[in-house]
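Asks: I would like the atomic coordinates for the input below:
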Amino acid sequence: MHKRIVLKLGTASLMSDGKMDPEVFKSIAKQISSVKGVEFVIVSSGAIQAGREALSGTGIESESLEKKDIAGVGSRYLLSHWGSAFLEHGTDVSQIWITYANWENEEEKESVVSAIESYLVAGIVPILNENDVVTQSEISMMEAGISENDRLARMIAFVIKADAVLFLTSVEGVLDNNGEVISNLSGQEVLDLSSVSDKGRGGMQAKIREGTVCRRGGISRVAIAKLREDTISRFVSGYSVGTDIF
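Replies: Numbers count the residues shown, from 1 in each chain. Below you'll find the model as predicted:
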């Protein structure tokens, strides 16, 4: 069984019917809380979507704000979703916003790692996201169909010495051109993605790329899968859940 897992969740995987879905957050919290002896660190997108939804009820036009500013509004609502979901299981969460400049400053990087370690020891689930308010890179990459949070998940996994990374998406895994899930990707398949479906190609390429770096860096298991009510628990138990990167 894995002992320390990084979960990366894209915005789409946290939504249903076009909105952030509290039941999705509850499902994740329930699965995590049901697993004993495993530490989880969550890298979560969704602040911009949460901000848009929050602003829609205030009379403020979200179009009047830059996306980074919308993320600033949405961050508290996103954290509220996570907090409410885990509170049902007697667990608290913490928010850690990161910029890549933190990684270029050794003292700041050590501070981030120290905070994560402290939260894990205390039984608090760290929720990490790139700080959209002070950096546009995540937003620019998102608009190109690629999430910088995939990269962040990989970077976090290495510095906290995670032994597994699970990228949770809105699709079953990496799909081939016939729409079938590719159960395993390794070797030349990772380098030559001609057999991978064009659907979501940009975002999926990022997950495959970062997942491959994780595996080559010694992380024992990396998978890309659709979030279901048992995806996390099955992954922890070693079962196939989508596409495994070798």
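Asks: After the helix or strand hosting residue 85, which helix or strand is next?
Replies: With elements taken from DSSP states H and E, the one containing residue 85 is helix 67-87. Heading C-terminal from helix 67-87, the first helix or strand you meet, by DSSP H and E, is strand 93-98.
Asks: Just the CA trace of that following strand, in PDB.
Replies: Extracted C-alpha coordinates of strand 93-98, given in PDB (Å, rounded to 0.1, in the frame of the first residue of the first chain):
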ATOM      1  CA  VAL A  93      -7.600  21.300   5.600                       C
ATOM      2  CA  SER A  94      -5.100  24.000   4.900                       C
ATOM      3  CA  GLN A  95      -4.500  26.100   1.900                       C
ATOM      4  CA  ILE A  96      -1.000  26.600   0.500                       C
ATOM      5  CA  TRP A  97      -0.700  28.900  -2.500                       C
ATOM      6  CA  ILE A  98       2.600  28.600  -4.400                       C
END
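Asks: Between helix 67-87 and it, find me the angle.
Replies: 150 degrees (axes from the mean of the first three to the mean of the last three CA atoms, to 10 degrees).
Asks: Could I get the buried residue list for strand 93-98?
Replies: Judged by neighbour count (16 or more other CB atoms under 10 Å), strand 93-98 contains these buried residues: 93, 94, 96, 97, 98. C-betas here are computed from N, CA, C, even on glycine.
Asks: next helix or strand past the lowest-mean-pLDDT helix or strand in the chain?
Replies: When the helices and strands of the chain are scored by mean pLDDT, DSSP states H and E, helix 137-143 comes last with a mean of 49. Downstream of helix 137-143, the first helix or strand assigned by DSSP H and E is helix 148-159.
Asks: Do you have the strands of this protein handy? List them.
Replies: With strands called from DSSP state E, the chain shows them at 4-9, 15-16, 19-20, 39-44, 93-98, 125-130, 164-169, 184-185, 221-226, 243-245.
Asks: Just name the most buried of the ones you listed.
Replies: strand 164-169 (a mean of 26; mean count of other CB atoms under 10 Å).
Asks: Pairing partners for that one, with directions?
Replies: Paired strands of strand 164-169, with direction, are strand 4-9 (parallel), strand 221-226 (parallel) (DSSP bridges).
Asks: Output the first one as CSV, nothing but the C-alphas.
Replies: Yep, that's strand 4-9 we're talking about. Coordinates of each C-alpha in strand 4-9 appear next as CSV, following Å, rounded to 0.1, in the frame of the first residue of the first chain:
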residue,chain,number,x,y,z
ARG,A,4,2.1,9.2,0.7
ILE,A,5,0.0,10.1,-2.4
VAL,A,6,-0.3,13.4,-4.3
LEU,A,7,-3.8,13.8,-5.9
LYS,A,8,-4.1,16.3,-8.7
LEU,A,9,-7.6,17.4,-9.6
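Asks: before we move on, back to that, with respect to residue 213, which of the buried residues of strand 93-98 is nearest?
Replies: Comparing those against residue 213 with CB to CB places residue 98 closest, at 17.9 Å.
Asks: for this protein, which spans come out with low pLDDT?
Replies: 132-147, 187-202 (pLDDT under 70).
Asks: re the thing from before, go through the strands of the chain and name the closest to residue 78.
Replies: Counting by CB to CB, residue 78 lies closest to strand 39-44 out of those; the figure is 6.7 Å.
Asks: Next, the angle strand 93-98 makes with the closest one.
Replies: Going by the same axes, to 10 degrees, strand 39-44 makes 60 degrees with strand 93-98.
Asks: Now tell me what touches strand 39-44 from outside.
Replies: Under the contact criterion CB atoms under 8 Å, 6 or more residues apart in numbering, strand 39-44 has outside partners 3-9, 14, 28, 32, 78, 82, 116, 120, 125-129, 149, 152-153, 156, 160, 162.
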